[in-house]
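Asker: Got a sequence here, can you build the structure:
(3 chains)
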Amino acid sequence: MTFLWAFLIGGLICMLGQLLILKTNWTSARILVSFVVLGAILQVCTVFEPLKKFAGAGVTTPITGFGAGLVKGTFENIDKYGFLGIFTGGLTAMAAGIGVAIVSGLIIGLIFKSRSK
Amino acid sequence: MSTLIFKNRPRIIGWYSVAGKKESEGPLGTTFSRVVKDEYFGEKTHEGAERKLFETAIQGAIQVAKVQPDIVFAGDLLNQIVSSSFAMRDIGLPYAGVYGACSTMALSLLVAATFVDAGVVQTTVAAAGSHFATAERQYRTPLEFGNQRPPCSQWTVTGAGATVLSADSKKSRLAITAGTIGRVVDYGVKDVNNMGAAMAPAAADTLARHFKNTNTKPADYDAIFSGDLGQIGEEALRDLLKDKGYELGENYHDCGKLIYSVDQKVDMGGSGCGCSAVTLNGYIMDKFQSGEYHKVIFMATGALLSPTTCFQGESIPGIANAVVIEEVTE
Amino acid sequence: MDKQEYAEYVKKITPKSKIGWSLVRAFVVGGLICILGEGLGALYKLWLPAYDETQVGSLVSCTLIFLAAVLTGIGVYDKIGYFAGGGSIVPITGFSNSITSAAMEFRKEGIIFGTCANMFKIAGPVIVIGVAVAMLCGLGYYLVGLFI
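Answerer: Residues are numbered from 1 along each chain as shown, chains lettered A, B, ... in the order given. The predicted structure is shown next:
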């Protein structure tokens, strides 16, 4: 059942992104940034966790999951370490994703040449 | 008066066009002197490929004309017009770089014709070109980035064209008889994807001034070509000119619309310096040869923006330069 | 025509994107990428029972990021993107594509000043804004925690 909801909710979020692209003429970077902020807001409003239980990867795969993860990690680290957690939490939680993105980008960038469509 | 009348009628004695794979698959595919299917043209970078396109076009035109030119005027879209300059490093002829964004082919022709007409040199070359991948990287996103192109966007032509002009009237009956240098016109268009709309007012201004100064009307020409206005720009140019009292008829074409077919997914059409350059030095010259054309306006249009000005929120100024190419009798 | 009239005129003659189908395509492709994420999550849970939910989630993200990087390298992701638009930009795979495509594009300027310096040309703002927002929220959370 989670699969169905992951598809529906994930699809809806992406569709919202496409609607923004078509209606606002925003660049892709701006779209990505707004969805990260959206994810962070959902996390702060404690809406994200129930959504995640319900739709699983449907909300964590879109870049909203990145924003939510940053906030979640920050809050957790604040609970654990106090003041320092404000600065360490976000990137700690997202370290794996950013790390893999950097390394795979680097390796692929070294191996492959870009081509015209 | 901003319209130049060339009394000595510099002759066109050679031309050459080289285009890429996508262009060769379009409606004008058979009109190019040479087609290069490899987007890298055997070089390591796309910039290297663009350079080699220039070299090929200029050398090709010189070979066709069988002369040693005195000066080459050329330009392209890349920062500091490196493609034409670097190509000229290997060719070794005296060179003056010109920049008119996508209007460069007409601008370089005008300058080359002026030098010959003035009698200061015998032979000049005018050239311009562009490459899809280098323009895409400079003005837009990395090639492999997965986004959609907005429906008003245009596709930068991969190709270069060169024309050789001579003062010797016995060598050819094709001549450049007049030309109008453009004014920088800005109607406040800010959408970098909608270049056609940004350039159309400049095109209308140049054409209207040209008609007025030469006391001609659109029907006096066998054909009128604009460089790379695309579908939106073409429509806007027709309407803007109507406001100024000139009606463009069936004889008006846009190189950007001619060069690709609708099913090539190029949205509004082709663009870039190469668009007008390869169309002029292929399709249009072919039509002169076959006797279909006797008098043509070739007006290339350019958007004078840079990525920096876009990010700083400036609108896009346009320019259009027009050249009259004519078959002369004496 | 003055500038204002021209702006309206341009708006009128500029073709609009066909919204209907492009939304459906974004929906389907985006949804499928999420299903892939869900499926990977289920697999990892089965293989690595010692991992908690957050760790499995991280692994899934890493896998998707790596897959997207490879697809970008072999020139497939830009085709998916042309078809799906937001459907492949919004998922974490789009983030990966933006990094890898920039890394490939600028490789010719060398590894340091090309690839490394330009990798985050598009994705940089995402991390900067994301981290800044998270810290801001964290600061609020911390202050609220002090007084309650």
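Asker: hey, let's count contacts and neighbours off CA atoms from now on
Answerer: Fine.
Asker: would you say C:Gly39 is within a helix?
Answerer: Yes: the assignment for C:Gly39 by DSSP: H, G, I helix; E, B strand; the rest coil puts it in a helix.
Asker: how near is it to C:Ala26?
Answerer: The spacing between C:Gly39 and C:Ala26, counted by C-alpha to C-alpha, to the nearest Å, is 20 Å.
Asker: Check C:Phe106 too.
Answerer: Relative to C:Ala26, and taking C-alpha to C-alpha, C:Phe106 is found at 29 Å.
Asker: touching chain C at all, the host helix or strand of A:Lys80?
Answerer: Using DSSP states H and E, A:Lys80 maps to helix A:64-81. Yes: Helix A:64-81 reaches chain C (C-alpha under 8 Å from any C-alpha of the partner chain) through A:Phe66, A:Gly67, A:Leu70, A:Val71, A:Thr74, A:Phe75, A:Ile78.
Asker: residues making contact with the helix or strand B:Asp239 falls within?
Answerer: Using DSSP H and E, B:Asp239 falls within helix B:230-243. Here helix B:230-243 makes contact (C-alpha atoms under 8 Å, 6 or more residues apart in numbering or on different chains) with B:152, B:154, B:195-201, B:203-204, B:208, B:247-248, B:254-257, B:268-271, C:1, C:10, C:13-14.
Asker: Now do the buried residues in that helix.
Answerer: For helix B:230-243, burial by neighbour count (16 or more other C-alpha atoms under 10 Å in any protein chain shown) applies to B:Gly230, B:Gln231, B:Ile232, B:Gly233, B:Glu234, B:Glu235, B:Ala236, B:Leu237, B:Arg238, B:Asp239, B:Leu240, B:Leu241.
Asker: quick check, nearest of these to C:Cys116?
Answerer: Closest approach between those and C:Cys116, by C-alpha to C-alpha: B:Gly230, at 37.1 Å.
Asker: the more surrounded of C:Gly39 and C:Ala26?
Answerer: Of the pair C:Gly39 and C:Ala26, C:Ala26 is the one with more neighbours under other C-alpha atoms under 10 Å in any protein chain shown, namely 29 against 17.
Asker: Quick one: low-confidence residue ranges for the chain.
Answerer: Using chain A here. Applying pLDDT under 70 to chain A flags the ranges A:117.
Asker: Chain B is the one I meant
Answerer: B:1, B:330.
Asker: Now do the helix or strand following the helix holding A:Lys80: which elements does it pack against?
Answerer: Next along the chain after helix A:64-81, taking DSSP H and E as the criterion, comes helix A:85-111. Counting by 3 or more C-alpha pairs under 8 Å, 6 or more residues apart in numbering or on different chains; DSSP states H and E, the packing neighbours recorded for helix A:85-111 are helix A:64-81, helix C:53-73, helix C:92-105, helix C:124-147.
Asker: And stretch A:100-113, what's buried?
Answerer: Here stretch A:100-113 shows A:Val100, A:Ala101, A:Ile102, A:Ser104, A:Gly105, A:Leu106, A:Ile107, A:Ile108, A:Gly109, A:Leu110, A:Phe112, A:Lys113 as buried, counting by 16+ other C-alpha under 10 Å.
Asker: give the contact list for the second one.
Answerer: If a contact means C-alpha under 8 Å, 6+ apart, then A:Ala101 has C:Cys62, C:Ile65, C:Phe66, C:Ala69, C:Ser96, C:Ile99, C:Thr100 as its contacts.
Asker: which stretch of helix or strand covers B:Glu250?
Answerer: With DSSP H and E as criterion, B:Glu250 is part of no helix or strand.
Asker: residue contacts, it?
Answerer: Counting by C-alpha under 8 Å, 6+ apart, there are no residues that B:Glu250 touches.
Asker: quick check, B:Trp15 in a strand?
Answerer: Yes: with three-state DSSP as the criterion, B:Trp15 is part of a strand.
Asker: Can you report how many residues neighbour it?
Answerer: B:Trp15: 28 neighbours (other C-alpha under 10 Å).
Asker: try B:Tyr99
Answerer: B:Tyr99 has 22 nearby residues by other C-alpha under 10 Å.
Asker: Surely it touches B:Ile81?
Answerer: Yes: between B:Tyr99 and B:Ile81 there is a contact under C-alpha atoms under 8 Å: 7.4 Å.
Asker: Give the residues shared as contacts by these two.
Answerer: B:Gly75.
Asker: what about whatever residue of the stretch 151-300 of chain B ends up closest to chain A, which SS state?
Answerer: The stretch 151-300 of chain B approaches chain A most closely through B:Asp191 (8.9 Å), counting by C-alpha to the nearest C-alpha. Look at B:Asp191: counting by three-state DSSP, its state is coil.
Asker: what does the one 5 residues further on give?
Answerer: The local conformation at B:Gly196, judged by three-state DSSP, is helix.
Asker: just checking, it touches B:Asp228?
Answerer: Yes: with contact defined as C-alpha under 8 Å, B:Gly196 counts as touching B:Asp228 (7.2 Å).
Asker: out of the two, which sits in the busier spot?
Answerer: Taking neighbours as other C-alpha under 10 Å, B:Gly196 and B:Asp228 compare with B:Asp228 leading, 38 against 34.
Asker: ok, now how distant is that one from A:Phe83?
Answerer: The value you get for B:Asp228 to A:Phe83, if C-alpha to C-alpha is used, is 59 Å.
Asker: swap in C:Val128?
Answerer: From C:Val128 to A:Phe83 the distance is 20 Å (C-alpha to C-alpha).
Asker: Please apply the same query to B:Gly274.
Answerer: Taken as C-alpha to C-alpha, the span from B:Gly274 to A:Phe83 is 59 Å.
Asker: Between the two, which has more neighbouring residues?
Answerer: Comparing B:Gly274 with A:Phe83 by other C-alpha under 10 Å, the one with more neighbours is B:Gly274, at 36 against 15.
Asker: residues in contact with that one?
Answerer: By C-alpha under 8 Å, 6+ apart, the neighbours of B:Gly274 are B:Cys102, B:Ala128, B:Gly129, B:Ser130, B:His131, B:Thr156, B:Val157, B:Thr158, B:Gly159, B:Ala160, B:Gly161.
Asker: Go ahead and confirm the last one touches B:Thr31.
Answerer: No: using C-alpha under 8 Å, B:Gly161 is not in contact with B:Thr31; the gap is 12.0 Å.
Asker: Settle it for me: which of the two has more neighbours?
Answerer: Shown here are B:Gly161 and B:Thr31; by other C-alpha under 10 Å, B:Gly161 has more neighbours (36 against 22).
Asker: Regarding that one, what is its secondary structure?
Answerer: Three-state assignment for B:Gly161 (three-state DSSP): strand.
Asker: got the contact list for it?
Answerer: B:15-18, B:54, B:57-58, B:127-129, B:274, B:277-278, B:280-281.
Asker: Not including adjacent chain positions, what is the nearest residue to residue 57?
Answerer: Using chain A here. Spatial nearest neighbour of A:Ala57, chain neighbours left out: C:Glu38 (4.9 Å); criterion: C-alpha to C-alpha, 6 or more residues apart in numbering or on different chains.
Asker: that's the wrong chain, I meant chain C
Answerer: C:Gly41 (6.7 Å).
Asker: Done for today, thanks.
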